[in-house]
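Visitor: no sequence for this one, just the structure:
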């Protein structure tokens, strides 16, 4: 950083070696707190047999977390100039994330979203100032209009989220649904005449890093749950299958997500919007796997008031959804032949069926996930079309399902 204040102008989409910055990594790290809070509250809700209510609240809170991260990530990919003002405003956004995280428990338990809303006010107002600053330095009238549309859309949506503070509790899920659709329409409207200069490799890396953070939080949550179960109940025999199966699922999830070059799919706004928005399901299901493992542990040691089938499903359903969404969003575009295409959908179905395996359900699901990776690697090695250097833009064949 040579000067403290620089023009906030669009970066080139053709930059070589564009990588995530330390500030972006710090921003992601602070989101771990919010993701952990959402997962912990989901565990509590399901363990107390309030499954439907817990899932709805989790979907709402995780959308707030994910959308705030999305807004920052795509803006940074297009406009990050790393000057003093940009850094300070980003740190303000991080403060908003931490306020949001502090309100997650109240949102789940008391349906009081005031603190979550306040955190969002801090984040979104800071983001709007970034867009207005970019508009001030825009190189063309079209870009200036684009930036102003983003700023206006962000602020108007924040006003709309105020409806979550109204006392009509039964209406909140519908308010959330309407506002989520409106939020996702803002980028589509803002970029209808001109597009931001987001960087495909940078965006793919940023999503990959956030996926790693979510999977890491899953491992941490599962570890704490198993440790607690062993120390309080001395139930090693019941917990080892859950721990082993959960670890296999997370390892396989990492392998499957990163086996294909996601940036090759990001060639236009249309594909980028579908890919980026679809990651709500990928990231939410990845975080829910960790919550599911905690639920399975609590049920195994008698602390959760739910059936074995319900506890097993808390792991198998998000695991199956994760695999299916990864296949739908980018993995299927890199597969050659029917056999390769069927690996992930069939694996998702098999993992769902593992729900009925009783106390061995999580371990069985983990074995299926590991077998999915093994089968994918084998099919890739045996298919000359996949190994052909011209099959992928980076000159390498894929190595898995």
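Guide: Alright, I've got the coordinates. What you are looking at is a predicted structure, and each value in this text was computed from that prediction instead of being measured. Numbers count the residues shown, from 1 in each chain.
Visitor: C-alpha only now, for contacts and for neighbours.
Guide: Fine.
Visitor: for the helix or strand hosting residue 372, packing partners?
Guide: Assigned by DSSP states H and E, residue 372 belongs to helix 361-382. Where contact means 3 or more Cα pairs under 8 Å, 6 or more residues apart in numbering; DSSP states H and E, helix 361-382 is packed against helix 236-257, helix 308-329, helix 337-353, helix 384-387.
Visitor: dead centre of this protein: give me the residue that sits there.
Guide: For the chain, residue 283 is the residue whose C-alpha lies nearest the centre (Cα atoms, centre = their mean; 2.6 Å).
Visitor: just the element for the closest residue to that residue other than its chain neighbours, please.
Guide: Leaving out its chain neighbours, the residue that sits closest to residue 283 by Cα to Cα, 6 or more residues apart in numbering is residue 211, at 6.3 Å. Remark: residue 211 resides in helix 200-233, with elements defined by DSSP H and E.
Visitor: tell me the contacts of residue 271?
Guide: Listed by Cα atoms under 8 Å, 6 or more residues apart in numbering, the contact partners of residue 271 are residue 265.
Visitor: need the pLDDT of it.
Guide: If you check residue 271, the pLDDT there is 86.
Visitor: how about it, secondary structure?
Guide: Put simply, residue 271 is helix when judged by DSSP: H, G, I helix; E, B strand; the rest coil.
Visitor: again, but for residue 9
Guide: Recorded secondary structure, residue 9: coil (three-state DSSP).
Visitor: what's the neighbour count on it?
Guide: For residue 9, the tally of surrounding residues (other Cα atoms under 10 Å) stands at 17.
Visitor: repeat for residue 338
Guide: For residue 338, the neighbour count with other Cα under 10 Å is 8.
Visitor: tell me which of the helices and strands packed on helix 361-382 sits nearest to residue 206.
Guide: Residue 206 lies closest, by Cα to Cα, to one member of these: helix 236-257, at 13.3 Å.
Visitor: returning to what we had before: run through the residues that contact the residue nearest to the centre of the chain.
Guide: By Cα under 8 Å, 6+ apart, the contact list for residue 283 reads 211, 214, 322.
Visitor: rerun at 10 Å
Guide: By Cα atoms under 10 Å, 6 or more residues apart in numbering, the contact set of residue 283 is 35, 62-63, 66, 207, 210-215, 289, 322, 325.
Visitor: so which of these wins on neighbours?
Guide: Busiest of these [other Cα under 10 Å] is residue 289, holding 32 neighbours.
Visitor: surely it and residue 323 touch.
Guide: No. Using Cα atoms under 10 Å, residue 289 makes no contact with residue 323, being 11.7 Å away.
Visitor: which residues do these two both contact?
Guide: With contacts defined as Cα under 10 Å, 6+ apart, no residue is shared by residue 289 and residue 323.
Visitor: just want the angle from the helix holding residue 372 to helix 236-257.
Guide: Helix 361-382 and helix 236-257 are oriented at 30 degrees to each other (axes from the mean of the first three to the mean of the last three Cα atoms, to 10 degrees).
Visitor: off-centre distance for helix 361-382?
Guide: 23 Å (Cα atoms, centre = their mean, to the nearest Å).
Visitor: quick one: buried residues of it?
Guide: Residues of helix 361-382 classed as buried: 361-377, 379-381 (neighbour count, 16 or more other Cα atoms under 10 Å).
Visitor: so what's residue 178 up against?
Guide: Applying Cα under 10 Å, 6+ apart to residue 178 gives the contacts 160-161, 172.
Visitor: which of those fall within strands?
Guide: Assigned to strands by DSSP state E, none of the contacts of residue 178 qualify.
Visitor: least confident of these?
Guide: Per-residue pLDDT puts residue 172 lowest of the contacts of residue 178, at 82.
Visitor: ok so, going back, so which bits of the helix holding residue 211 are buried?
Guide: 200-219, 221-223, 225-230.
Visitor: now the helix or strand that contains residue 154, how far from the chain's geometric center?
Guide: Take DSSP H and E as the rule and residue 154 turns out to sit in helix 141-160. Here helix 141-160 is found 24 Å from its chain centre; the criterion is Cα atoms, centre = their mean.
Visitor: find the least confident helix or strand in this protein, judged by mean pLDDT.
Guide: Ranking every helix and strand in the chain by mean pLDDT, DSSP states H and E puts helix 384-387 at the bottom, with a mean of 60.
Visitor: got phi/psi on the residue nearest to the centre of the chain?
Guide: Residue 283 adopts backbone torsions of phi -70, psi -40, taken as degrees, to the nearest 10.
Visitor: tell me the predicted confidence for it.
Guide: Note on residue 283: pLDDT of 94.
Visitor: same deal with residue 4?
Guide: pLDDT, read off for residue 4, is 76.
Visitor: my guess is it contacts residue 84. True?
Guide: Yes. Between residue 4 and residue 84 a contact is recorded at 5.1 Å, counting by Cα under 10 Å.
Visitor: which one's more surrounded, those two?
Guide: residue 84 (14 against 10).
Visitor: residue 176 versus the more buried one, what's the distance?
Guide: 35 Å (Cα to Cα, to the nearest Å).
Visitor: again with residue 134
Guide: Separation of residue 134 from residue 176 (Cα to Cα): 29 Å.
Visitor: for these two, indicate the residue with more neighbours.
Guide: When neighbours are counted by other Cα under 10 Å, residue 134 and residue 176 differ, and residue 134 comes out ahead with 25 against 20.
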